[in-house]
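J.: Return atomic coordinates for the entry below.
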Amino acid sequence: MRSKRERKQRSSAQKSSKRKAAASSNTLDSLSPDEQDITPFELRDDAVDTNVLVLEPKAKKPAADAGPDPAAAPAKKLSKSQKRKLKKVQEDKAKRAERAEVLKTLARNELPGEELALLQSTSMLGQRPTKRQRLKRALACQRLGLESHDSALLEVERGVPSGYPEAQGPVVVGRDASHACGQEEEEVSTEDGEATSEDEEMQNAETAVAAAPMSADEQRHLAQSIRQEMGIHPDEDVAMQERQASHAEAGPARSVPVRRPERIQEARAGLPVLGMEQEIMEAIAGNDVCLLCGETGSGKTTQVPQFLYEAGYGSELFPERAGQIGVTQPRRVAAIAAARRVAEELGCTVGGTVGYQVRYDRQVGQDTAVKFMTDGILLRELQSDLLLRSYSVLVLDEAHERSLNTDLLLGLLSRVVPLRKQMAEQGSGVPPLKLVIMSATLRMEDFANNAKLFPSPPPVIRVPARQYPVTIHFCRRTELYDYVGAAFGKVVQIHERLPPGGILVFVTGQREVEHLCQRLRTKWAKKADVPDLASPATGADHEKTLATDEAVGSFGPDEAEQQAEAEEPLQATRDDYDMEESLEEEDETAVLGGDQFTPEQIAMAEAAFKQQGESVATGAQKQDRAESSPVHVLPLYAMLPGAAQAAVFSAVPAGHRLIVVATNVAETSLTIPGVRYVVDAGRAKEKVLDSHGAAARFQVAWISKASAEQRAGRAGRTGPGHCYRLYSSAHYNDSFPQHSDPEVLKTPLEGVALLMKAMGIDKVLNFPFPTPPDGEALAAAEEALCALGALDADRALTERGRAMARLPLDPRPSRMMLQAAEEALTGKHSEPIVAAAVALAAVVSVESPFIHVATIQAMEGEVAQRLQARKQAAQAAHRRLRVAQSDALNALSAFMSWIGAQDKDRFCREHYLHAKNLREAAALHEQLLRQLAGGALLPAEALPRSPAALKPPSQKVLLVLQHAIAAGWADQIARRVHSLEYVQEHADIKQGRTRAVRYTPQALAENVYLHPQSALAKAAPEFVVYTQILRTEKRPYLAGVTEVEARWLPEVAEPLIRLSDPLDEPPPHYSAAADAVVTVHDATFGRHEWPMPAQELPCRDAAVQARCFAAALLDGAVLPSMAGLRARLASAPATAAAPYSQGQKRVALLVRALHGAGVFSRAALARAFARDAAFLKQEIAAWLQKDAKIALEHLWPTLLAEAGDAVRKRQKQQKPQRKELDS
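T.: All right, here's what the predicted structure looks like:
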């Protein structure tokens, strides 16, 4: 029993010792590093619990008697438990060091006592300070040079400015209007009516006293007593006022009150950008350029302009911020939609405080403060006013899309902003310009780290997106061909198996959008609602069923293409099993966004979503759900009319599921409400140019990873969603680029180069592009402008180029229109050439108005005979509109016929025309008429009073227009290929078969083809001018072809003509038509050196000119009356031009007189006669026989009059005839 008791006592003692050691360890951890240094060793973690510690320590031995060096002893191997303890000790030590560093940092950044006293305790929340306390606080802030809301007590309230709504309250100088003195008194009550303490009663009493109005003397005495109490001397008070004045001068707070409805306030409260208003406005106020990065849906497009408006920008009340708020968008749809939304939130109408301006549409008033516009509109304004004096701040939205106009604006504004700042500092009266660049992706290094664009990196503000989690589903197999069919199958699966929610489908082009919409409507429409596809289409359905593919332009496939397509496997024959296999998803999914949610919340939401979907996805319930849940299918693409685009944002009919089929126009700028599912085909149609910009092709290419993320994010704007990608994750990782190339790398640069030259930027290569284009592309653009006559040989802008830059057109249509105007001003034509040229410029600037049904396949339920009948009807209708050997002029004929039609929609149906393209051409035509009528570029009387006044052009006018087209596209001339193969192919035309004719463009080293559907297919002229080369999968084709004559080329394309040295035969001679001595040269055209007719050019050798003019004068070619004396000459007139006869006296006298006076033309001779009536009288008399000198005396007055009349007649012909050009 005793042994058991002893063992139990010993065990309890050991446990107690361990508890004490643990407690000591915990205590040690809670101590500071300095306190741990003085802690006894036995309390350390590494101490050993042993009785040796309690023994009396012995004296230490001398160092010399010490044993071997402990460091030399081999290290003891630690066990796992010891390693774990050692690791914990090291981690604890690191944490203690980190805590010490944090405390040091806090100590360094601790507020001084004076500033710390200004902070308000949370215990004071809900209690009203007295006026004494507020005034004391204001003086303390003033002493530190800080602003305080309570300092308004010391300022004088000003009246409401004239024209400002009185109901919105007074505006206080240098303060926010919400902090005005009249808006600060509120009644304070205690909770639950309980009795308050003595301090609270005193506080309430002081508050009641503070609520009573105080006179100015009382406030002054109160302020003086507080100054004395705080120990502020008068000198220090003056210094504080000076500091406060300088602070207010640097940037006083400005505010424009806005009252919004409660529903608008609630909607704005959920936007992430609203919580960062202060950071954004502080960055804008403190920097000239700011970068704002926020995903689509963060609210930056609609809220940032409102932030600026409320801060006083665009308001006449604040002169330092006077000027409109300009917001640019890359698309018209986004500009109009954003303007309407902002106007709704500000409680105004579009065209008032908020307006917009896009091409063909302008809703801007005199009081407009916020102006939305496309980037092209602002670029045009920059051309007329480089400083943009009408703007105080500019917001470039969607900069990540890197459109050509946006890149140009960035480069120009990077130079305008510093210039405006410098002018403001010099007191010129022009306020500084603020620039805000907004992007929806994190690719900001192109702007922020571009030293050439911005020498000082601008600040970047990142706005968190309101992004709900979006689950990404990849297909196991990438659909490479029938991706439209795969999208259709995926939409069917979503509608039949998953819970309600809008579906957004991304495909490539307009034709695919309309085709997929038609299939979806037919799939879920009642049988009674299914249209009869075999009957002719009418109304809006006409354009949908006859939509053409932009990649083919205005032509259908030729015989070779049709044969090649027949050999390809038909993707439409795949059965449902194949479709289900292609839509099978990968096991793993990815989640995009939703960072504000925990993983548990996302997993629960996903499980609930799947469970809800499975509950309706089995058996007959699928069919019942599909039949009971109708769909609301809508298209969305750039060419869709505005009313149809607005339908996407309208309310969905009750009980319907919204399905939007769109192109990449829905990637950014627009947030479609109610979208929960996104079906992404992963493709986009883009226009690709060669390195010289001479040939183009539309190709369907994979989008970038950034674009794929943008598309997927559309499903998480209003709640958790899903994105179904019709491609595999491996294909996504391997084939998709990170970002798409900016537009400046894949578009013609002629317009860019001309715009920069017109703005005084001579060296285009030095322009600060965010992404510099290829040097060869810029050189090719300048070369093209030289061929058009816009630049001279030194690459300097000519007068013609300056006139071209003033027109709102591309350089080529501008050059064409100017050529027609120059021809009309010669007075040789009395018909309306200028009016027809303006209409032609509008037509060639848009897509072809012709619909070619050969580009589409048969629709579901349509018999082959009906499809063939529609094709034949379209061809017959197009033949009726042909007026010349020109595709462009035939389009002009269709446009003028459409203008004169009473029922324009019916005219389009009967003639198979694109109504949208014709409406766009009409809008551009009206814009050109307005701009030209207000300027002096073209005679106003030559322009029609209205588009309805247009008359069909005559054959003479059409010939002039053909000549003008050759001038506009002078460097895009092609010559027919002459070969045995061509002769064999051309022989097939006699047998009723049309084969493509080969041509060689002067700018390329390859053959291209004249499409069989072209108006020139059968004629196949020697030379043609084309507007574009379109490359299809089979072969390249000429588009917009017009017949030209070889004799026109030296005139309209003079820079491309190469001349030989002057020919000996025919020799130099005087030309009466040119009124000059000319030499004859052999000529070639283009890089292929095609032979041209011989050219006559003015002679540059003065001696040769004198000899040839002398011979022409004696022969009567200069003055016809001299022909009467030809028989009485001592020798033949040709003797004067012969080099071997220059030794004869009479020859030398006449040639020397002409050479000395510089008379080599009829005009120069008339001027010489005006100075001296006896000029050349003796020299000509020396050539006459003796009995003919009397005849010369009688004939001399006639010769003088004849010279003057001829000059006056020529001047009258060259004078512009501005009358009777148009009726």
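J.: alpha carbons only for contacts and neighbour counts from here, please
T.: Fine.
J.: Mind pulling the model confidence for Leu410?
T.: Looking at Leu410, its pLDDT is 90.
J.: again with Pro531
T.: In this model, Pro531 is scored at 38, pLDDT.
J.: swap in Gln819?
T.: For Gln819, pLDDT reads 89.
J.: Test my guess that it contacts Ala966.
T.: No - checked against CA atoms under 8 Å, the pair Gln819 and Ala966 is beyond contact range at 9.4 Å.
J.: okay, those two: which has more neighbours?
T.: Neighbour count, other CA atoms under 10 Å: between Gln819 and Ala966, Ala966 has more, with 30 against 23.
J.: what's the more buried one sitting at in phi/psi?
T.: Main-chain dihedrals, Ala966, degrees, to the nearest 10: phi -60, psi -30.
J.: what's the nearest residue to it if we skip its chain neighbours?
T.: Distances taken as CA to CA, 6 or more residues apart in numbering put Val1025 closest to Ala966, at 6.1 Å, once the chain neighbours are dropped.
J.: Against Phe1175, how distant is the one you found?
T.: Per CA to CA, to the nearest Å, Val1025 is found 51 Å from Phe1175.
J.: Those two: who's more crowded?
T.: Neighbour tally, Val1025 and Phe1175, criterion other CA under 10 Å: the higher count belongs to Val1025, 27 against 16.
J.: Give me the distance between the more buried one and Arg362.
T.: 36 Å.
J.: burial of the nearest residue in space to Leu913 that is not next to it in sequence, as a residue count?
T.: By the measure of CA to CA, 6+ apart, the closest residue to Leu913 outside its immediate chain neighbours is Phe850, 4.8 Å from it. Neighbour count of Phe850, defined by other CA under 10 Å: 24.
J.: tell me the contacts of Phe850?
T.: Shown in contact with Phe850 (CA atoms under 8 Å, 6 or more residues apart in numbering): Ser554, His878, Ala891, Tyr912, Leu913, His914.
J.: Tell me how many other residues surround Ala100.
T.: Around Ala100 there are 14 residues (other CA under 10 Å).
J.: what do you get for Ser428?
T.: Using other CA under 10 Å, Ser428 has 10 other residues around it.
J.: Below-threshold pLDDT in the stretch 751-900 of the chain: ranges please.
T.: The model of the stretch 751-900 of the chain has pLDDT under 70 over residues 827, 829-830, 852-864.
J.: What segments of it are helices?
T.: Ranges of helices in the stretch 751-900 of the chain, per DSSP state H, counting those that start in this stretch, are 775-787, 799-805, 811-824, 833-844, 864-880, 887-900.
J.: closest one to Lys951 among the ones you listed?
T.: Across the helices of the stretch 751-900 of the chain, Lys951 has its closest neighbour in helix 887-900 (7.2 Å, CA to CA).
J.: which sections of the stretch 401-550 of the chain are below the confidence cut-off?
T.: Across the stretch 401-550 of the chain, the ranges flagged by pLDDT under 70 are 441-448, 466, 526-550.
J.: Which parts of it are strands?
T.: For the stretch 401-550 of the chain, strands defined by DSSP state E, counting those that start in this stretch occupy the ranges 434-439, 460-463, 470-474, 502-506.
J.: Spatially nearest residue to Ala964 (excluding sequence neighbours)?
T.: Among residues not flanking Ala964 along the chain, Met816 sits closest, at 4.8 Å (CA to CA, 6+ apart).
J.: Highest neighbour count among the contacts of Phe850?
T.: With neighbours defined as other CA under 10 Å, the most crowded of the contacts of Phe850 is Leu913; it has 28 neighbours.
J.: so that one touches Ile851, yeah?
T.: Yes - using CA under 8 Å, Leu913 is in contact with Ile851, at 5.3 Å.
J.: what sits against the residue nearest to Ala966?
T.: Contact analysis of Val1025 by CA under 8 Å, 6+ apart lists Ile965, Ala966, Trp969, Ala970, Gln972, Ile973, Ala974, Val1041, Thr1042, Glu1043, Val1044.
J.: Can you tell me how far it is from Gln1013?
T.: Distance of Val1025 to Gln1013, given as CA to CA: 16 Å.
J.: same thing with Ser740?
T.: Counting by CA to CA, the gap between Ser740 and Gln1013 amounts to 35 Å.
J.: Of those two, which one has the most company?
T.: Neighbours were counted for Ser740 and for Gln1013 using other CA under 10 Å; Gln1013 has more, 19 against 16.
J.: Just confirm the more buried one is within a helix.
T.: No - Gln1013: not assigned to a helix; according to DSSP: H, G, I helix; E, B strand; the rest coil it is coil.
J.: Got the phi and psi for it?
T.: Here is the backbone geometry of Gln1013 (degrees, to the nearest 10): phi -80, psi 0.
J.: Do you know the pLDDT at it?
T.: pLDDT, read off for Gln1013, is 76.
J.: now do Ala100
T.: pLDDT, Ala100: 90.
J.: Name all residues that make contact with it.
T.: Counting by CA under 8 Å, 6+ apart, there are no residues that Ala100 touches.
J.: On the three-state scheme, it is what?
T.: Quick answer, by three-state DSSP: Ala100 is helix.
J.: For Arg866, give its distance to Arg519.
T.: On the measure of CA to CA, Arg866 and Arg519 end up 19 Å apart.
J.: what does Asn449 give?
T.: Distance check for Asn449 against Arg519: by CA to CA, it reads 48 Å.
J.: Gly682 now?
T.: Distance, Gly682 to Arg519, by CA to CA: 20 Å.
J.: More neighbours: which of these two?
T.: Gly682 (23 against 15).
J.: Give me the pLDDT for the more buried one.
T.: Gly682 carries a pLDDT value of 90.
J.: Test my guess that it contacts Lys705.
T.: No - taking contacts as CA under 8 Å, Gly682 lies outside contact range of Lys705: 9.4 Å.
J.: Neighbours of Pro770, how many?
T.: Using other CA under 10 Å, Pro770 has 24 neighbouring residues.
J.: Same check on Gly427?
T.: Counted with other CA under 10 Å, the neighbours of Gly427 add up to 9.
J.: Could I get the phi/psi values of it?
T.: Per-residue torsions, Gly427: phi 70, psi 30 (degrees, to the nearest 10).
J.: Tell me how this structure divides into domains.
T.: The chain is divided into the following domains under automatic domain parsing: 1-52, 128-155+217-250, 262-463, 470-687+699-740, 744-806, 807-968, 1102-1214.
J.: quick one: average confidence on the first one?
T.: Confidence for domain 1-52, expressed as mean pLDDT, is 51.
J.: just stretch 905-916 next, same as before
T.: For stretch 905-916, the mean pLDDT works out to 86.
J.: That stretch spans what distance, first to last residue?
T.: Using CA to CA, the end-to-end distance of stretch 905-916 comes out at 10 Å.
J.: and if you look at stretch 707-719?
T.: With CA to CA as the measure, the ends of stretch 707-719 fall 20 Å from one another.
J.: From the rest of the structure, what touches it?
T.: By CA under 8 Å, 6+ apart, stretch 707-719 touches 296-297, 466-470, 472, 592-593, 667-668, 671-678, 680, 682, 721-723, 739.
J.: my read: Val460 touches Val289, true?
T.: No - with contacts counted by CA under 8 Å, Val460 stays clear of Val289, the gap being 9.6 Å.
J.: who's more crowded, these two?
T.: Using other CA under 10 Å as the criterion, Val460 and Val289 rank with Val289 on top: 26 against 18.
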